[in-house]
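**Q** Let me see the structure of the following:
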Amino acid sequence: MTSRSASESAATPRPTGRGPLCRMTARGRDEAHRVASPLELFFDLCFVVGIAQAGVQLVHAVAEGHAGEGILTYAMIFFAIWWAWMNFTWFASAYDNDDALYRVVTLVQIAGVLVLAAGVSRASGDHDFLVVWLGYAIMRFAMIAQWLRVVRSTEGAERTTALRYAGGVLLCQVGWLGLLVLPEHGRPWVFLVMALAELCVPVFAEKDFATSWHPHHISERYGLFTIIVLGETIAAATVAVKSGVDENDALGELLPIAAGGLLIVFSAWWIYFVVPIHGHLRSNRQSFLWGYGHYLIYASAAAIGAGLEVAVEQAVGKAHISTLAASSAVTLPTALYLLTVWVLHSRYFKVGIAQQAVLPTTALLVILCTFLGDRAVLAAGIVSALAVAVGVTLTARLVTREAAGGAKRETLSP
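**A** Prediction:
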């Protein structure tokens, strides 16, 4: 991840001509019509394959009664996917020159996440992280190559920043070898230490020079990935419901789960996109907190889909867990999603206590829905949809009051 440029003059507009090899010069923060490129969209779609595989393994672990172990492995694998995605996203916002070499290196990163996805089942079932490490290494060494191109194209403090990124990524990749050589009980500690080290690389690299990035482009990229993750959630839940109906003729048991899950995902989309966040991303501190915090948003959104699959398997008797455990697999990630979206995203645009209280209160009510037995998912969906309705109503009333106040001031003005 990169942060806001300390100097607007350090960024230059994107060249109109493009050859096979171009200099890696910073793009301007004030570029007009800066949007996600087709390569970035392709990148996102391929990365969601890894998220889908992580979700499948989480479903198996929770359904078999190994929730703790499954959640830990899911968190580790999801971090690798999310961190590689985020590093590329902020790098591209600053230095995307779209030449042939840039495209090839980006495609190598895509290959890396597909290798990682292929190793998810072995990491979850056999605790063998070799293939996952290899896939992550492919992505990270491709990122190092991108930063070394910046080193060749820049000078001074900007060049030092690029060198720090390349060196920091390399050192962290060496540290991740601990997942392969240390005993199994030591791997969670390796993950904790190395995850913190990864998070510190951008802070260290940009302490003297902050790379350029485009607020609207970044907010769009994050929003598009949110859509893709939510879409994967719907796809996974749909397949689970279809299998349950085809194999067990359990339409009556599955309809409440399907309806509740759909309401949850629709509400999750509405709540995230109701505010234009790019106007809030102005400072280094804001961008780092917002960007890092999306780990919880993406992980919880993907976990909702896994939870819906668990609820379906429990409803048809395939999961060896209680109804309460199956319900919590949906309600807890839903509550976490609502809270993190409020903390990172929505609260900056809420006016008054009533608006500020909507999402935290909804999260609490969703958690309470866990105890409603077979109707827990449906109840959580209804609560989420009501939160959207309440939010829309409060906003409409605020707009009406402001309009009435403005009209009154115009009437009283001389």
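
**Q** For the top helix by length along the chain, name the packing helices and strands.
**A** Longest helix in the chain, counting residues (DSSP state H): helix 376-412. When contacts are defined as 3 or more C-beta pairs under 8 Å, 6 or more residues apart in numbering; DSSP states H and E, helix 376-412 packs onto helix 251-273, helix 323-341, helix 352-369. For every residue, glycine as well, the C-beta is placed using N, CA and C.

**Q** Quick one: closest of those to Phe78.
**A** Phe78 sits nearest to helix 323-341 of all the helices and strands packed on helix 376-412, at 11.9 Å, using C-beta to C-beta.

**Q** Can I get that closest one in PDB, CA atoms only?
**A** Extracted C-alpha coordinates of helix 323-341, given in PDB (Å, rounded to 0.1, in the frame of the first residue of the first chain):
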ATOM      1  CA  THR A 323     -28.200 -24.900  15.000                       C
ATOM      2  CA  LEU A 324     -26.800 -22.200  17.200                       C
ATOM      3  CA  ALA A 325     -23.300 -22.700  15.800                       C
ATOM      4  CA  ALA A 326     -24.500 -22.700  12.300                       C
ATOM      5  CA  SER A 327     -26.500 -19.500  12.900                       C
ATOM      6  CA  SER A 328     -23.500 -17.800  14.400                       C
ATOM      7  CA  ALA A 329     -21.400 -18.700  11.300                       C
ATOM      8  CA  VAL A 330     -23.700 -16.100   9.500                       C
ATOM      9  CA  THR A 331     -24.600 -13.600  12.100                       C
ATOM     10  CA  LEU A 332     -21.100 -13.000  13.600                       C
ATOM     11  CA  PRO A 333     -19.400 -12.100  10.300                       C
ATOM     12  CA  THR A 334     -22.400 -10.000   9.300                       C
ATOM     13  CA  ALA A 335     -22.200  -8.000  12.600                       C
ATOM     14  CA  LEU A 336     -18.400  -7.600  12.000                       C
ATOM     15  CA  TYR A 337     -19.000  -6.300   8.500                       C
ATOM     16  CA  LEU A 338     -21.600  -3.800   9.700                       C
ATOM     17  CA  LEU A 339     -19.300  -2.500  12.500                       C
ATOM     18  CA  THR A 340     -16.200  -2.200  10.300                       C
ATOM     19  CA  VAL A 341     -18.000  -0.500   7.500                       C
END
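
**Q** Would you enumerate the residues in contact with Leu179?
**A** By C-beta atoms under 8 Å, 6 or more residues apart in numbering, Leu179 lies in contact with Phe129, Val132, Trp133, Arg187, Val190, Phe191.

**Q** number of nearby residues for the second one?
**A** When you say that, I think you mean Val132. Number of residues near Val132 (other C-beta atoms under 10 Å) recorded here: 28.

**Q** Look up the pLDDT of it for me, please.
**A** Per-residue confidence (pLDDT) for Val132: 93.

**Q** any idea which helix or strand carries it?
**A** helix 130-153 (DSSP states H and E).

**Q** same question, the fourth one
**A** If you go by DSSP H and E, Arg187 is part of helix 187-205.

**Q** Sketch out the low-pLDDT regions of the stretch 301-414 of the chain for me.
**A** Scanning the stretch 301-414 of the chain for pLDDT under 70 picks out the ranges 402-414.

**Q** how much space between the residue nearest to Ala354 when sequence neighbours are not counted and Ile353?
**A** What sits nearest to Ala354 in space, not counting adjacent residues and going by C-beta to C-beta, 6 or more residues apart in numbering, is Leu394, at 5.8 Å. Separation of Leu394 from Ile353 (C-beta to C-beta, to the nearest Å) stands at 11 Å.

**Q** more crowded one of those two?
**A** Leu394 (17 against 7).

**Q** quick one: contacts for that one?
**A** Counting by C-beta under 8 Å, 6+ apart, Leu394 makes contact with Ala354, Gln355, Val358.

**Q** Scan those residues and report the most crowded one.
**A** Highest count within these by other C-beta under 10 Å belongs to Val358, 21 neighbours.

**Q** so it makes contact with Ala387?
**A** Yes. If you go by C-beta atoms under 8 Å, Val358 and Ala387 touch, sitting 5.7 Å apart.

**Q** Now Trp83: which helix or strand?
**A** helix 67-95.
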